[in-house]
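A.B. asks: got a structure for you, letters missing:
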Ligand code: NA7
């Protein structure tokens, strides 16, 4: 554990030392010259990647786009080894960044924030850590990630399970030995789909408990060739331009053609080519896949046929292909041999949509249909996404009003960045911003730079505080809703984008679905116009 900082009072406190916290520290400390402290619960940098060490943990963004782009030198000196970066390599990258810019000296590790309260008279935030320490700052910036609060289902009997159980987002650093073990994996989101083939290789038997069947496109991961790496190194500016101009912040453009511009044969050939290429790019094959349900149906049918082609047992294939939502309306997973894994003799699929899990017994999992004896249970059951990490910190704004109360009916803010009644609090990649619908480093750089400019302008104007108006928030909530409903995204009624995976959570489409490029333009316009919708004061 890093010793507590000597000074108790800072210009800015940043919570979290992942992609966003590191860059925010660099910007505020080295560009603005502020006195900044980062508080990080983990014992190292990495954020989401510090905790998600499950077997097969890998980013679905392609590695050459999963880095910072603010520094050409940093971009050019780092070389990724594979098409998609694996968790340990992302950790090496973030440690490299932290060391290169000498960031660790201003990060307090092993320090979990349990409360944050705004003091109106002092114009400052007081943050309390789990150890009871109190720190104050004029600005409070949350860099806590969107997928950092593990969602362990409240299943009766879990405490009595005689084996070991783990959540993928809280994976033990020493790893888990599956050899000779009967393993149950609950959840078939991106995580479960990544972990299944890797666990199946090691375990004696793996049972995958599937509630909602999911599409998946092959990742086609492979080592990067020296030629590709060289091309990346020489194209920093162009790659940055593309990533900043596309709706999802990826280094490829969405094709400007409709599903209906081509014949059925041409469409099939386009989907085959996209399948062969693999990755998230599949969804960029046509411009209307996420806005026209019938167009989407053509992609869905193609992907379901692929499952039936790959999986040999027809009953298992039908269970896997029985998908009830439009393709990419939930976050689309990509995989390495996920469906083929069900052809292995040591892998079973259990349908817990028709026969739900009733309880965990000392011996395993009991569903409405059968009892499955298990030695290890892996919960790949996702996260209390986006709002979860913010709400668990007990943030209180003016007059002690809790953020949990302000967001009782779902998150409300302006531009996904600030909440009325919570002056000088900024939420990096918060709900109401593109965040999880975007390649995260792109969303993070945009937010961090906007916040940095905002604070710089405030100081240059001799002002000390900023918060949005209620009217601006109301208008933004409407825009976030409208943007979501212009797409098929809300049609996946069980999606974590809607908070549907957490019992009791308000059903509100949380990220801004209008596209990163449009969002960036809106934020830039607001800044250029002198921050309309915000109240700035002394
Ligand atoms: P996700 O995408 O939220 O997936 C969680 C999975 O766990 C999903 O299949 C859920 O089914 C399932 N789940 C959750 N609770 C239960 C219970 N109680 N019983 C059975 N099944 C359950 O999380 P991931 O970690 O895979 O991915 C999160 C993001 O990380 C991903 O989207 C990328 O952005 C990176 P459900 O669909 O709720 O029926």
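C.D. replies: All right, it came through fine. All of these numbers come straight from a predicted model, not from anything done at the bench. Numbers count the residues shown, from 1 in each chain.
A.B. asks: need the residues of the chain near the ligand, please.
C.D. replies: 147, 153, 186-192, 209, 211-212, 331, 352, 357, 380-382, 436, 494, 496, 501 (C-beta under 6 Å from any ligand atom). The C-beta positions use only the backbone N, C-alpha and C, and glycine is treated the same way.
A.B. asks: partners of the lengthiest strand in the chain, with directions?
C.D. replies: Ranked by residue count under DSSP state E, the longest strand found in the chain is strand 134-142. Sheet pairing for strand 134-142, assigned by DSSP bridges, gives strand 9-15 (parallel), strand 124-129 (antiparallel), strand 425-427 (parallel).
A.B. asks: Of all these, which one comes closest to residue 171?
C.D. replies: Closest to residue 171 of these is strand 9-15 (C-beta to C-beta; 21.9 Å).
A.B. asks: and the next element down the chain from that closest one?
C.D. replies: For strand 9-15, the succeeding helix or strand toward the C-terminus, using DSSP states H and E, is helix 19-25.
A.B. asks: Go ahead and name everything in contact with that following helix.
C.D. replies: 14-15, 17, 36, 38, 40, 45, 47, 68, 70, 94, 97-98, 101, 103, 106-107, 141, 143, 145, 428-429, 440-441, 444-445, 447-448, 451-452 (C-beta atoms under 8 Å, 6 or more residues apart in numbering).
A.B. asks: Weed out the non-buried ones from the residues of the chain next to the ligand.
C.D. replies: 147, 153, 186-192, 209, 211-212, 331, 352, 357, 380-382, 436, 496, 501 (16 or more other C-beta atoms under 10 Å).
A.B. asks: so of those residues, which ones are in strands?
C.D. replies: Going by DSSP E, the strands hold 186, 209, 357 from these.
A.B. asks: can you tell me which residues contact the second one?
C.D. replies: I take that to be residue 209. Here residue 209 is in contact with 184, 185, 186, 187, 350, 352, 357, 365, 367 (C-beta under 8 Å, 6+ apart).
A.B. asks: go with 10 Å
C.D. replies: Residues counted as contacts of residue 209 (C-beta atoms under 10 Å, 6 or more residues apart in numbering) are 184-188, 192, 348-353, 355-357, 365, 367, 372, 377-381.
A.B. asks: Could I get the full set of strands for the stretch 401-538 of the chain?
C.D. replies: In the stretch 401-538 of the chain, strands defined by DSSP state E, counting those that start in this stretch lie at 425-427, 465-468, 534-537, listed in chain order.
A.B. asks: Need the winner for burial among the ones you listed.
C.D. replies: Most buried of the strands of the stretch 401-538 of the chain, by mean neighbour count (mean count of other C-beta atoms under 10 Å): strand 425-427, with a mean of 27.
A.B. asks: Measure how far that one is from the centre of its chain, please.
C.D. replies: On the basis of C-alpha atoms, centre = their mean, to the nearest Å, strand 425-427 is displaced by 18 Å from the centre of the chain it belongs to.
A.B. asks: cool, stretch 146-158 as well?
C.D. replies: Going by C-alpha atoms, centre = their mean, where stretch 146-158 is centred and where its chain is centred differ by 17 Å.
A.B. asks: can you check stretch 181-200 too?
C.D. replies: With C-alpha atoms, centre = their mean, you get 19 Å for stretch 181-200.
A.B. asks: Stretch 239-258 now?
C.D. replies: Taking the mean of its C-alpha atoms, stretch 239-258 sits 19 Å from the chain's own mean (C-alpha atoms, centre = their mean).
A.B. asks: Start and end of that stretch, how far apart?
C.D. replies: 25 Å (C-alpha to C-alpha, to the nearest Å).
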